[in-house]
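Trainee: One predicted model, sequence on top.
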Amino acid sequence: MTYLRRSIVSLFLDAGLLGATLCCSLNPARAEYLLQGGDVIEISVSGVPELRQRAPVQLDGSITFPVVGTFMVEGVGFSEVRGKIQSAVAGKIFRIRTPDGRELSRMFDRDEVAATIVEYRPVFIAGDVTRPGEQAFRPRMTVRQALASAGGISALARNNATSFDAASLRSEYITVWLSLAREHVRIWRIKTDLGENIDLDQKAVPPAPVPDEVMSQIVSLETEYRKADTADHERQKDFLRRSIEEADKQTQVLSEQRQSEEEGVRADEQDLQKARNAFGNGSLPSLRVAEFRKSVLYSATRQLQTTNQLMQVQKGRAEAARELEKLDDQRRMRLLAELQDATVKLTGERAKLRSVEERLQLAGLKPPRPSDEASKADIALFRSGINGKDRHTADFDSELQPGDVIEVTLRPQGVDVAAQ
């Protein structure tokens with residue numbers, strides 16, 4: 001009897017552990033991302049924009065950069081790949097063209113080389129959604145955000161042409177609204193970069209047809225872009241400052257060396273004059289006078305070389321100082337151009353949104369809003385595993401991985417309500 005009771009308890013414990021494993025399978029402890037075919041990597045070198053390059057992971061799992069070469073990356077952790085790229089670039093000598101057209105040879109430190117994943121494999125959405133298909137993947141992306149980009153859950157696609165037209169209008173409204181919101185947040189980010197201390201006015205955007213998390217995600221992405229752009233700008237300035245500091249050190253050393261060599265030339269010239277006087281008195285042979293003359297020539301040549309080297313260093317410092325002065329102005333000009341472009345786009349998106357609203361009114365429909373359809377839908381997530389695509393039950397807060405396939409199915413009792 002005791003053995004039977006222990007067996008039953010053990011069975012329940014095993015079942016509980018299995019259930020916990022299934023529930024947590026979609027939310028494991030975050031491990032390092034392993035690269036797969038379709039991911040795109042970008043490498044860049046601080047202060048050298050012409051070395052910025054992008055390359056996708058090929059079907060055979062390899063990646064190729066002209067400055068790095070080809071190596072296998074599929075199934076390899078990104079930090080390991082980044083280390084390989086940094087080591088490969090840091091160990092090479094590059095020919096760099098300066099603004100005045102000169103070419104210089106340089107080597108870079110590992111911390112001056114950056115490697116990032118700029119594009120992941122897309123996720124795919126199918127089933128009862130307004131706009132099924134492919135969606136670009138973003139880090140920390142959830143099922144809810146992917147569905148919002150797909151126009152939300154809808155059963156209208158199952159019905160007749162009139163319902164399809166209504167679904168198209170709702171989908172178009174959401175698409176235009178997302179573009180409008182993105183440009184609005186972009187303008188706020190650009191004005192902040194230009195030094196304006198302003199808060200994001202979300203009331204300037206019409207009521208959202210998607211969950212609030214989508215707007216938060218748009219703001220978060222623009223904020224991250226601002227941080228990355230500012231960091232890159234500061235790295236360029238730091239590079240130029242270090243170049244100026246190094247030039248100052250070289251200038252000081254060369255100036256002291258030139259002063260010492262000038263004193264040496266004067267001393268050699270005095271010795272030569274004494275030798276000539278002694279030769280005139282007959283107390284010094286001509287060979288000795290010739291030796292003194294060679295010493296003067298050697299000292300003068302060395303002084304000339306040092307002077308020329310000093311002039312080159314001072315010229316390089318002046319160029320770096322000019323680049324440093326222009327850097328902020330160039331960034332401001334770029335931001336002003338982006339602001340003008342974003343303002344024009346925002347005006348156009350507002351006009352598009354008004355047009356879609358009018359067509360919705362003519363069709364007797366209201367602009368879409370976040371609804372409770374989520375509680376009437378089943379979500380399946382298909383993810384690559386050891387044995388191919390594994391099927392998981394997901395919810396709206398489940399985090400996605402590149403290449404995931406989301407399948408949404410409305411429950412029968414929710415179809416009529418969702419189609420209203």
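Mentor: Sure thing, it's come through.

Trainee: Quickly note the distance from L194 to L147.
Mentor: 35 Å (C-beta to C-beta, to the nearest Å). Where C-beta positions appear, they are placed from N, C-alpha and C, glycine not excepted.

Trainee: which one of the two has more residues nearby?
Mentor: For the pair L194 and L147, the greater number of neighbours falls to L147 (26 against 13), based on other C-beta atoms under 10 Å.

Trainee: what's near enough to touch P206?
Mentor: With contacts taken as C-beta atoms under 8 Å, 6 or more residues apart in numbering, P206 has the following neighbours: 177, 180, 353, 367.

Trainee: Farthest pair within those?
Mentor: Greatest spatial distance in the contacts of P206: L180 and P367, 12.4 Å, computed using C-beta to C-beta.

Trainee: Of those two, give the one with the bigger neighbour count.
Mentor: Regarding L180 and P367, a neighbour count based on other C-beta under 10 Å identifies L180 as having more, with 22 against 18.

Trainee: Return the distance of that one relative to T64.
Mentor: Computed as C-beta to C-beta, the L180 to T64 distance reads 40 Å.

Trainee: for R82, same thing?
Mentor: Distance, R82 to T64, using C-beta to C-beta: 16 Å.

Trainee: of those two, who's got more company?
Mentor: The neighbour count for R82 versus T64, taken as other C-beta under 10 Å, is higher for R82 (18 against 13).

Trainee: Once you drop chain neighbours, what's closest to that one?
Mentor: Leaving aside its sequence neighbours, R82 sits nearest to A115 (C-beta to C-beta, 6 or more residues apart in numbering; 4.2 Å).

Trainee: Name the SS class of that neighbour, please.
Mentor: Each residue gets one of three states, and A115 gets strand by DSSP: H, G, I helix; E, B strand; the rest coil.

Trainee: Tell me, how many residues neighbour it?
Mentor: One way to gauge burial is a neighbour count; for A115, by other C-beta under 10 Å, it gives 20.

Trainee: what sits against the nearest residue to G403 once chain neighbours are set aside?
Mentor: Taking C-beta to C-beta, 6+ apart as the measure, G403 lies nearest to R121, with 4.4 Å between them; neighbours along the chain are not counted. Neighbour list for R121: 36-39, 137, 402-403 [criterion: C-beta under 8 Å, 6+ apart].

Trainee: Tell me which two in these are the farthest apart.
Mentor: Farthest-apart pair in these is G37 and F137; separation 13.8 Å (C-beta to C-beta).

Trainee: Those two: which is more packed in?
Mentor: Of the pair G37 and F137, F137 is the one with more neighbours under other C-beta under 10 Å, namely 19 against 16.

Trainee: nearest residue to the more buried one other than its sequence neighbours?
Mentor: Y120 (4.1 Å).

Trainee: I'd like the average pLDDT over stretch 109-117.
Mentor: Averaged over stretch 109-117, pLDDT sits at 84.

Trainee: same question, stretch 204-212
Mentor: Per-residue pLDDT values over stretch 204-212 give a mean of 85.

Trainee: List the buried residues of it.
Mentor: Buried residues in stretch 204-212, defined by neighbour count with 16 or more other C-beta atoms under 10 Å: 205, 208-211.

Trainee: Same question for stretch 260-270.
Mentor: Applying a neighbour-count criterion of 16+ other C-beta under 10 Å, the buried positions in stretch 260-270 are 261, 264-265, 268-269.
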